[in-house]
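Chemist: Generate a structure from the sequence data that follows.
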Amino acid sequence: MHEQENGLPRATAAPYTRSRPLPPSRGIIAVDAKDFTGLPAIEHEVVSRTVPDLIRTSLDRAGLAELWNDRRFPASTGDGYVLGFDPSLMPFVIHPWLFTLQEVLTEFNIHALGALPIRLRVSLHIGPLPDTGDAFGGNGTARNDTHRLLDSRPVKTVLSSSRENVTQVAAILSDRCYQDAVASGYTGRHPDHFIEVPATVEGKQFAQRAWIHVPLPSGPPPGPHTPGDAAHEGRDTDGAPEEGGRRDPSGGIRVTNRAPHGNINTGTVHGGQRVTVTRRRTDS
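Modeler: Numbers count the residues shown, from 1 in each chain. Sure, this is the predicted structure:
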């Protein structure tokens, strides 16, 4: 409870004036529906109601019903949803939940006749947040950064450049989330399934190291380049050689991560503006 004085909330001590306990650490999930603002207004409420149902269904199917039942500071954002949870569950949120969410969305989009497909961007973060249990709980820097990551260029671009009939989910993890849950070995996905990106948001003073994960990647439609040409031989797609296979002439950073079964995640990032994820088939 907040202290009151003469019936009014008492002002709290200013920052940096005395030490206080940190709020509890929380895992944070935030999701946004792709192209929501482009939908006819009559469909906005339907999507707003459907997104949390899809999250609940996928968490239950992934064996994480407790996360939904015990969720903290849940809120609809209109085109998405945000909730807090016990951060010890973050490895299971990264896998299998993200892949299960991909499966649930695929099923929904196949069977939702007459409805526009719902594709989701997902942001995952860990940080201290006040958890007062009321409408004002869960506000703080960690919450703000989660939404900034969700709006960042790399995750928007990777979902837009993926094939809509295949890839329904693109996730971005904060560096802390990646280091705590993935690099540490607690998540059932090898680090090669993740691509490091500089996350920036247009019009915002925000730039952080982050990690892209696409549970079911798919490349853009075939263009003038095919496997084995300049795009796969240490050269940028404009034919110019990269320096050490890492940077193209325009200053973009090219990242290639090899995953099991011959999948190759390749990203070229220009200040976080462009990320392309491709998948190479190999003979079984």
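Chemist: just the helices in the stretch 51-200 of the chain please.
Modeler: Taking DSSP state H, counting those that start in this stretch, the helices of the stretch 51-200 of the chain run over residues 65-69, 90-92, 98-111, 141-150, 153-160, 175-177.
Chemist: looking at the ones you listed, which is buried most?
Modeler: Ranked by mean neighbour count under mean count of other Cβ atoms under 10 Å, the helices of the stretch 51-200 of the chain are led by helix 153-160, which reaches a mean of 23. Glycine gets a C-beta too; all of them are placed from N, C-alpha and C.
Chemist: Against which helices or strands is that one packed?
Modeler: strand 120-128, strand 169-174, strand 195-200, strand 207-213, strand 264-269 (3 or more Cβ pairs under 8 Å, 6 or more residues apart in numbering; DSSP states H and E).
Chemist: Isn't Tyr178 up against Ile195?
Modeler: No. Taking contacts as Cβ atoms under 8 Å, Tyr178 lies outside contact range of Ile195: 10.6 Å.
Chemist: Give me the common contacts of the two.
Modeler: Shared between the contact lists of Tyr178 and Ile195 (criterion: Cβ atoms under 8 Å, 6 or more residues apart in numbering) are residues Trp211.
Chemist: how close does the residue lying closest to Leu59 once chain neighbours are set aside sit to Lys156?
Modeler: Of all residues not flanking Leu59 in the chain, Trp68 sits nearest, at 4.7 Å (Cβ to Cβ, 6 or more residues apart in numbering). Taking Cβ to Cβ, to the nearest Å as the measure, Trp68 falls 26 Å from Lys156.
Chemist: coming back round to it: contacting residues for the residue nearest to Leu59?
Modeler: Per Cβ under 8 Å, 6+ apart, neighbours of Trp68: 55-56, 59-60.
Chemist: Does Asp131 touch Gly138 like I think?
Modeler: Yes. Contact criterion Cβ under 8 Å: Asp131 and Gly138 qualify, at 6.6 Å.
Chemist: Contacts only, for Ser76.
Modeler: Ser76 touches 48, 51-52, counting by Cβ under 8 Å, 6+ apart.
Chemist: Pro52 now?
Modeler: Pro52 neighbours (Cβ under 8 Å, 6+ apart): 74, 76, 81.
Chemist: Lowest-confidence one in these?
Modeler: In terms of pLDDT, Ser76 ranks lowest among those, with 93.
Chemist: Distance of that residue relative to Val31?
Modeler: 11 Å.
Chemist: for Glu196, same thing?
Modeler: From Glu196 over to Val31 (counting by Cβ to Cβ), the distance is 22 Å.
Chemist: Who has more neighbours out of those two?
Modeler: Val31 (23 against 18; other Cβ atoms under 10 Å).
Chemist: right, and that one touches Gly80 too?
Modeler: Yes. Between Val31 and Gly80 a contact is recorded at 4.6 Å, counting by Cβ under 8 Å.
Chemist: what's the overlap in contacts for those two?
Modeler: 51, 120, 150.
Chemist: Which residue in those residues has the weakest pLDDT?
Modeler: Pick the lowest pLDDT in the shared contacts of Val31 and Gly80 and you get Val51, at 94.
Chemist: what sits against that residue?
Modeler: 31, 33, 76, 79-81, 118, 120.
Chemist: if you look at those residues, which of them are in strands?
Modeler: 31, 33, 76, 80-81, 120 (DSSP state E).
Chemist: The residues you listed into a markdown table, with extra columns for distance to Gln208?
Modeler: Shown next, in a markdown table, are those (distance: Cβ to Cβ, whole Å):
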| residue | distance to Gln208 |
| --- | --- |
| Val31 | 19 |
| Ala33 | 23 |
| Ser76 | 25 |
| Gly80 | 20 |
| Tyr81 | 22 |
| Leu120 | 21 |
